[in-house]
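In: got a predicted structure here, sequence first:
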Amino acid sequence: MTNSSKTPTGRTKKGQVAVRIDGVSIKACFPRSYCNKGQIKIATGISLIDGWENTASKLQRRLQIELEDGKLDDGEGNFNLGRYQEILKEYGLKASLRKVSSSSVASVDELPPKPKLSVIEIWDMYCSFRHESLSETVYQLKFKGEYLRAIKKSVAEVGEYPLEMRNWLLGNYSHSTVKRILSCLSEAYRLAIKQKIVVGENLFDGMAEDINTRIKRNRIIDQSKEIESDDDVLDKNKAYTWSEAQEILGYIQDDSNRVKHYYKLIKFKFLTGCRTGEAIALWWKDIEWERERILFRRNYNNRLKIYKSTKNDTIRMFPMPRDGELWNLLKSIPQGESNENIFKNKVGKAVNTDSLQRVWHGYEASRNKGIIPELIKQGKVKKYLPCYNTRHTFITHQIFDLGRDAAIVNAWCEHSEEMSKKHYRDIEKYATQINPELPASQQIKQQSELDTLKEQLRKQQELIDKLLKNNE
């Protein structure tokens, strides 16, 4: 029977061998009834790293068999240390045991000295400890991904010296990332010391203090590694105009540009303001035709190839009026099984966001010019914005172009209320142009007529100025 750190009492059945953590190492503990000199505890040489339990379990079973066969008795009622060392050697364990006499069993308990664990081994144990408290994406992408890679690189460059690691990390990663890594390393060592897995001081203690997370390194942004963020969803500078959105859709729909396959997905994003992962994760059962609505229940993580709940763990409802543009878009797609993706790639699988981004911004290796770079070259779009910003475009179009109440748009898209507050002045300025005594639909019509009249007056003034200039 193997006793892990999860079984603090470490109790075993009477007459059974146990291989467990004892003090600062993993030891083989033999039953008191085995030897008249008291219980024998001997170091095994097993390192405290991930997977140690499997090795301990195999060794325990072997020792139990040897004990029952009488092979661990030297024939005089004493522990057969030589046989024990042979067994360890068979299992590839190299505990440096000193030969002891049968009268000094207690000295065996002190051997061998605790193996020194590396920073990476401590980090791996810490990740195992934190696994259940983290979402799978944070665990895989951050703790076992970004943070672990950063730690390995720093150790490779400067060795396992906390201060040098700190300085190297600050020179190569954002301050917020470094602060998070050093805080976690400090916690990892604190737990390891508490569990007596390591001895000494916590050398990472306080390393994360005084790191100013507002300082950012000057880095060139790689468009192929765009980060999806809801920051400033109401900032019109981070959104395409609605006319630019139509130019983008027109370009995609053109067969000659060879990107038509993405037309329906990108149009859906423009029409709903949903996140890219939410659109990819949409299944046919999420379309409630009779109730004329769409349910956003889940998100898709392209890197881990898994579905998870939406960002705020909610089921969001979005209206889909019968025979409207959104309704007809979805009706144009051949309907599949209830749990099938609506938007698929050319081989019938979930759309790969990396491929979508390459189509959007271009990819030189495949001679893909990119949707947005080509439209900028043609003068139809003013600037480059990530594909994710179709969300920003929908939200700003609804609030600033159509006069929709920000609270309603927030219910549809679940953008942050803090973002709404941040841009309150922009909304307030627009709101003063709306007549509160008229229905929104009528107000929009009047606003449109007013804009048309202003444009006509502007053209007339240009014509008058031109005539006057010719007569001079």
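Out: Received it, and whenever you're ready, just let me know what you need.
In: mind showing which ranges of this structure have poor pLDDT?
Out: Low-confidence segments of the chain, defined by pLDDT under 70: 1-15, 23-24, 32-39, 48-50, 76, 94-115, 214-234, 364-367, 415-454, 471-472.
In: let me see the domain layout of it.
Out: Annotated domains of the chain cover 2-110, 119-194, 225-431, 437-472 [automatic domain parsing].
In: ok, residue 126 to residue 152 distance?
Out: For residue 126, the distance to residue 152 equals 15 Å [C-beta to C-beta, to the nearest Å]. Heads up, the C-betas are built off the backbone N, CA and C, glycines and all.
In: the two: who's more crowded?
Out: residue 126 (19 against 13; other C-beta atoms under 10 Å).
In: got phi/psi on the more buried one?
Out: phi -60, psi -40 (degrees, to the nearest 10).
In: wait, it touches residue 184, no?
Out: Yes. Between residue 126 and residue 184 there is a contact at 6.8 Å, judged by C-beta atoms under 8 Å.
In: could you dump the domains of the chain to TSV with distance to residue 202?
Out: Compiled in TSV, these are given as follows (distance: least, C-beta to C-beta, whole Å):
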stretch	distance to residue 202
domain 2-110	16
domain 119-194	4
domain 225-431	32
domain 437-472	61
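In: so which of the ones you listed is nearest residue 210?
Out: Counting by C-beta to C-beta, residue 210 lies closest to domain 119-194 out of the domains of the chain; the figure is 9.6 Å.
In: now do the end-to-end distance for the closest one.
Out: 16 Å (C-alpha to C-alpha, to the nearest Å).
In: now swap in stretch 274-282 and tell me
Out: Stretch 274-282 has an end-to-end distance of 10 Å (criterion: C-alpha to C-alpha).
In: show residues contacting it.
Out: Contacts to stretch 274-282, defined as C-beta atoms under 8 Å, 6 or more residues apart in numbering, come from residues 228, 265, 268-269, 272, 294, 296-302, 307, 310-311, 318, 341-343, 350-351, 353, 356, 387-388, 391, 413.
In: make it 7 Å
Out: Contacts to stretch 274-282, defined as C-beta atoms under 7 Å, 6 or more residues apart in numbering, come from residues 228, 265, 268-269, 296, 298-301, 307, 310, 341-343, 350-351, 353, 387-388, 391.
In: so how far is it off the chain centroid?
Out: Using C-alpha atoms, centre = their mean, to the nearest Å, the distance from the centre of stretch 274-282 to the centre of the chain it belongs to is 16 Å.
In: what of stretch 137-157?
Out: In this view, stretch 137-157 has its centroid 12 Å away from the chain centroid, taken as C-alpha atoms, centre = their mean.
In: the chain should start at 24 in everything you say after this.
Out: Sure, I'll start numbering at 24, so the last one becomes stretch 160-180.
In: so what's the residue count around residue 41?
Out: 23.
In: that one contacts residue 52, doesn't it?
Out: Yes. If you go by C-beta atoms under 7 Å, residue 41 and residue 52 touch, sitting 4.5 Å apart.
In: residue 330 is in what secondary structure piece?
Out: Counting by DSSP states H and E, the element that carries residue 330 is strand 329-332.
In: relative to residue 229, which of the domains of the chain is closest?
Out: Using C-beta to C-beta, the domains of the chain put domain 142-217 closest to residue 229, at 7.4 Å.
In: element containing residue 223, please.
Out: Residue 223 belongs to no helix or strand, assigned by DSSP H and E.
In: neighbours around the nearest residue to it once chain neighbours are set aside, how many?
Out: Leaving out its chain neighbours, the residue that sits closest to residue 223 by C-beta to C-beta, 6 or more residues apart in numbering is residue 216, at 7.4 Å. A count of nearby residues for residue 216, using other C-beta under 10 Å, gives 15.
In: for whatever helix or strand residue 216 lives in, packing partners?
Out: Secondary structure assignment for residue 216, by DSSP H and E: helix 198-217. Applying 3 or more C-beta pairs under 7 Å, 6 or more residues apart in numbering; DSSP states H and E, one finds that helix 198-217 makes contact with helix 142-153, helix 170-181, helix 185-195.
In: could you dump those helices to JSON lines with distance to residue 432?
Out: Below are the helices and strands packed on helix 198-217 laid out as JSON lines (distance: least, C-beta to C-beta, whole Å):
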{"stretch": "helix 142-153", "distance to residue 432": "37"}
{"stretch": "helix 170-181", "distance to residue 432": "36"}
{"stretch": "helix 185-195", "distance to residue 432": "40"}
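In: among those helices, which is nearest residue 418?
Out: Taking those one by one with C-beta to C-beta, helix 170-181 is closest: 32.6 Å.
In: and the helix holding residue 216, how far from the chain's centre?
Out: Distance, centroid of helix 198-217 to centroid of chain: 19 Å (C-alpha atoms, centre = their mean).
In: ok, residues contacting that helix?
Out: Under the contact criterion C-beta under 7 Å, 6+ apart, helix 198-217 has outside partners 145-146, 148-149, 152, 170, 173-174, 189, 192-193, 221, 225, 227-228, 230-231, 234-236, 238.
In: buried ones among those residues?
Out: Buried subset of the contacts of helix 198-217 (neighbour count, 16 or more other C-beta atoms under 10 Å): 145-146, 148-149, 170, 173-174, 189, 192-193, 221, 225, 227-228, 230-231, 234.
In: just give the closest residue to residue 304, not the sequence neighbours.
Out: residue 323 (3.9 Å).
In: what about residue 92, neighbour count?
Out: Other residues close to residue 92 by other C-beta under 10 Å number 9.
In: residue 377 now?
Out: Neighbours of residue 377 under the rule other C-beta under 10 Å: 14.
In: returning to what we had before: if I look at the residue nearest to residue 223, how far off is residue 356?
Out: Residue 216 sits 58 Å away from residue 356 when distances are taken as C-beta to C-beta.
In: now do residue 88
Out: Noted for residue 88: a distance of 64 Å to residue 356, by C-beta to C-beta.
In: of these two, which one has the most company?
Out: residue 356 (15 against 12).
In: verify the stated contact: that one with residue 365.
Out: Yes. Residue 356 is within contact range of residue 365, at 6.1 Å (criterion: C-beta under 7 Å).
In: how about residue 87: what's its closest non-neighbour residue?
Out: Excluding the flanking residues, the one nearest residue 87 by C-beta to C-beta, 6+ apart is residue 40, at 4.8 Å.
In: quick one: the one you found from residue 108, how far?
Out: Distance from residue 40 to residue 108, by C-beta to C-beta: 16 Å.
In: out of the contacts of stretch 297-305, list just those in helices.
Out: When the contacts of stretch 297-305 are checked against helices (DSSP state H), the matches are 288, 291-292, 376, 414.
In: for stretch 352-364, measure first residue to last.
Out: By C-alpha to C-alpha, the extent of stretch 352-364 from end to end equals 15 Å.
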